[in-house]
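S.K.: This is a predicted model, with the sequence first.
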There are 2 protein chains.
Amino acid sequence: MKDSNSITPVGDPHADRESWASPSEALDLRLWLRLNTCTTMVENRIRSLMRAQFDSTLPRFDLMAQLATSPRGIKMSDLSRRMMVTNGNITGITDQLEKDGLVERVKVATDRRSSLIRLTAKGRQAFRRMSVAYRDWMKEMFEGLTPERQHLLYELLGELKRSGLVEPLPDTPASIRH
Amino acid sequence: MKDSNSITPVGDPHADRESWASPSEALDLRLWLRLNTCTTMVENRIRSLMRAQFDSTLPRFDLMAQLATSPRGIKMSDLSRRMMVTNGNITGITDQLEKDGLVERVKVATDRRSSLIRLTAKGRQAFRRMSVAYRDWMKEMFEGLTPERQHLLYELLGELKRSGLVEPLPDTPASIRH
């Protein structure tokens, strides 16, 4: 099934997450491994920058970014679906952010069982500062591709999403990288 | 900075990780969020299938896949670099797999401080079974794109990798989703 001669040799400094698949593997498998590799590269870079410059994490930023779209707040279940991770994960991140005074839980008068999560004034300010840096990082990380290539990549990934075949199963909890 | 009318509304069942960015955001930012969203969709799906069919996880599979390329075994540091995660993460996964009899640590005669990790016979058999299913899942998940579109996407992601701008920083540890 594999042509072992064409696999990146053990110890090769350029070996990465997609290196186990030889060129003789099916294109869909190699495509997935490369997609995963690219995402991990960007994530690792952001993680490092986020920690060094803001003593924060990518999941915290992602959650704050979702909240920034809705001044009135977002329900836990909506946040979970939007971030594509479990409620448990959202709770953990929210607890941290609440402790730091960046978000707050607000009771909903019409539904006693659920609460809305929203950014505090301090949270909005922190998010604004982080998002300026975040936009700069993205510019740098992707400037090796021309706008035309970026646009094509964006469209192709849109086709993949719309194909519906990678739709997450309803019972699929995901953990999150901190 | 944002055109709030064009953001996916709160509560929209199609909202996901890229929904916080409006169309007026820079293309590079939207591209990254979509890349992340697609990877998360596939990961969530694989996670669910891996658990249901093999009572296993994606990081366990990824580690076994790397080991399957090298019958003599791979050093912890090489595995860490190939999987783009910290040594600590590799140690955790290796411990689990060793407990299940799927991998073993082998002493290196020439280097007393390090050991090689390799698949056991049971591990090789388990990996073969899982990888047959894994290849089928990939086929299903990506068949919404024609081979030509898949190839173009593969090439574009290759350009992104080669641009070197998303190279992980040497001091960047990553955690892994279990």
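M.R.: Thanks, I have the structure now. Numbers count the residues shown, from 1 in each chain, chains lettered A, B, ... in the order given.
S.K.: Output the stretch of helix or strand A:Lys161 belongs to in CSV, but only the C-alpha positions, please.
M.R.: Applying DSSP states H and E as the criterion places A:Lys161 in helix A:147-162. Provided in CSV are the C-alpha atoms of helix A:147-162 (Å, rounded to 0.1, in the frame of the first residue of the first chain):
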residue,chain,number,x,y,z
PRO,A,147,-4.5,37.8,-3.2
GLU,A,148,-5.6,35.8,-6.3
ARG,A,149,-4.3,32.5,-4.8
GLN,A,150,-5.7,33.4,-1.4
HIS,A,151,-9.1,34.0,-3.0
LEU,A,152,-9.0,30.7,-4.9
LEU,A,153,-8.0,28.8,-1.7
TYR,A,154,-10.9,30.6,0.2
GLU,A,155,-13.3,29.5,-2.6
LEU,A,156,-12.2,25.9,-2.7
LEU,A,157,-12.5,25.6,1.1
GLY,A,158,-16.0,27.1,0.8
GLU,A,159,-16.8,24.4,-1.7
LEU,A,160,-15.6,21.8,0.7
LYS,A,161,-17.8,23.2,3.5
ARG,A,162,-20.8,23.4,1.3
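S.K.: Which elements pack onto the helix or strand of chain A with the lowest mean pLDDT?
M.R.: The least trusted helix or strand in chain A, going by mean pLDDT, DSSP states H and E, turns out to be strand A:111-119, with a mean of 87. Judged by 3 or more C-beta pairs under 8 Å, 6 or more residues apart in numbering or on different chains; DSSP states H and E, strand A:111-119 is in contact with helix A:58-68, strand A:74-75, helix A:76-83, strand A:103-108. Glycine gets a C-beta too; all of them are placed from N, C-alpha and C.
S.K.: what's it in contact with?
M.R.: Residues outside strand A:111-119 that contact it (C-beta atoms under 8 Å, 6 or more residues apart in numbering or on different chains) are A:64, A:67-68, A:70-77, A:79, A:94, A:102-108, A:127.
S.K.: which residues touch the closest residue to A:Leu160 other than its chain neighbours?
M.R.: Distances taken as C-beta to C-beta, 6 or more residues apart in numbering or on different chains place B:Cys38 nearest to A:Leu160, at 5.5 Å, with adjacent residues excluded. Residues in contact with B:Cys38 (C-beta under 8 Å, 6+ apart) are A:35, A:157, A:160-161, A:166.
S.K.: Cool, thanks, talk later.
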